[in-house]
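Student: Provided below for reference: sequence and predicted model.
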Amino acid sequence: MRGIACTFARYNPLHKGESPGPPITLRPATPETDFAQLAAWFTLIEDEPSTENGLIEYYQKAKERILAQVAVDAAGELLGFYWAARDRQVFDRTTFFLFTRPESRRQGVGGQLYEHMLQAIQAKALHVRVWDNDPESLGYAGRRGFSERSHQVAMALDLDAFDDRPYDAIISRLQGEGFTFTSMEGLGDTEEAQRKLYALNDSTDRETMGASGEPNWESFEDFQKSVCRSEWYKPAGQKVVLEPASGEFVAMSAITRFEGVDYAYNLHTGVDKRYRNRQLGRAVKITALRFARQALDVHQVRTHHNSKNLPMLAIDHHLGYVLLPGTFLMEKILA
């Protein structure tokens, strides 16, 4: 729910074979009474923790696009929820999350939430994420008319086992060619530097449609609000490489540690297409990994890639990243 590559969000498996259970009521989710529990459930759905305050902040910024309903029993206890967000750029497309607590599954709760959402939203297309190692949910989504749109690959690197010394020669060579390795902190994190960071982020991210398969930002102002002013943004962890003559950004790698987790997250690594095949991507990623090891107090780094981003997948495999369960972005076209 951080609005990054993130956006990065996961979808709990849809369940088949539901049977009628105790009577339930659906009502709008409210920040004051429900968001603490919803944040805990989002932490289960996603591979990044959500907090009550973070969820409220996200909702307040985008509530005109969000429809959130909870299912409650006769005693008012929360049984599950859906969270449907209209796309910022494609207004007739909605991405949703649906969760039913384990003890309330196969009792019709998820089915009622899903059917309510279909009636309540105004959209021509639905998007949802399903784990790539869950054939039951993939099959169920397929039977409900969803098809695969993109595949998000998850990877992890063991920092304790990772030896970064062999890459010193690459960085030294590039520095000898005049490239400058620095960070947003080193550049004062000025608006001018943020605009350059946005331009490189956006251009390289759009080439493979990011890890999620979708553009991340509408504009620089959107990027500045959702990235540079976010609680997880660390200027020292935004590593950049400057071109010798112009000082323009030609490579970058962003890394952070989200609240409540014991690993770092490499949000994005990108190289201006005019400067590829010089090992700049590998070199700048090494500086980000070193920052994680030295400043973030972690033993593991995780990341995601669009499965079509073969060059970055090759770099990470070479560095020693291993695959974790990823997700398929599934789409359903509504009549």
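Tutor: Received the coordinates, thanks. Numbering: from 1, shown residues only.
Student: could you measure from Phe181 over to Thr287?
Tutor: When distance is defined by C-beta to C-beta, to the nearest Å, Phe181 is 6 Å away from Thr287. To be clear about C-beta, it is placed using only N, CA and C from the backbone, and glycine gets the same treatment.
Student: these two - which one has more neighbours?
Tutor: Remark: of Phe181 and Thr287, Thr287 carries more neighbours, 21 against 18, as counted by other C-beta atoms under 10 Å.
Student: Provide the partner residues of Thr303 in its beta bridges.
Tutor: Using DSSP bridges, the bridge partners assigned to Thr303 are Met155, Asn266.
Student: and Leu67, by the same measure?
Tutor: Ala84.
Student: that one contacts His116, correct?
Tutor: No - contact between Leu67 and His116 fails when scored by C-beta atoms under 8 Å: they sit 9.6 Å apart.
Student: coming back round to it: now do the shared contacts for Phe181 and Thr287.
Tutor: Here Phe181 and Thr287 share the contacting residues Ile171, Lys239, scored by C-beta atoms under 8 Å, 6 or more residues apart in numbering.
Student: tell me the average confidence for the one helix or strand Trp41 maps to?
Tutor: Assigned by DSSP states H and E, Trp41 belongs to helix 31-45. For helix 31-45, the mean pLDDT works out to 91.
Student: show me what that helix is packed up against.
Tutor: Counting contacts by 3 or more C-beta pairs under 8 Å, 6 or more residues apart in numbering; DSSP states H and E, helix 31-45 packs against helix 52-62, strand 66-72, strand 78-86, strand 93-100.
Student: which positions within it qualify as buried?
Tutor: Pro31, Asp34, Phe35, Gln37, Leu38, Ala39, Trp41, Phe42, Thr43, Ile45 (16 or more other C-beta atoms under 10 Å).
Student: again with stretch 217-234
Tutor: Neighbour-count burial for stretch 217-234, counted by 16+ other C-beta under 10 Å, picks out Trp217, Phe220, Phe223, Gln224, Ser226, Val227, Cys228, Ser230, Trp232, Tyr233, Lys234.
Student: for the fifth one, which three-state class applies?
Tutor: Local secondary structure at Ser226 is given as helix here, using DSSP: H, G, I helix; E, B strand; the rest coil.
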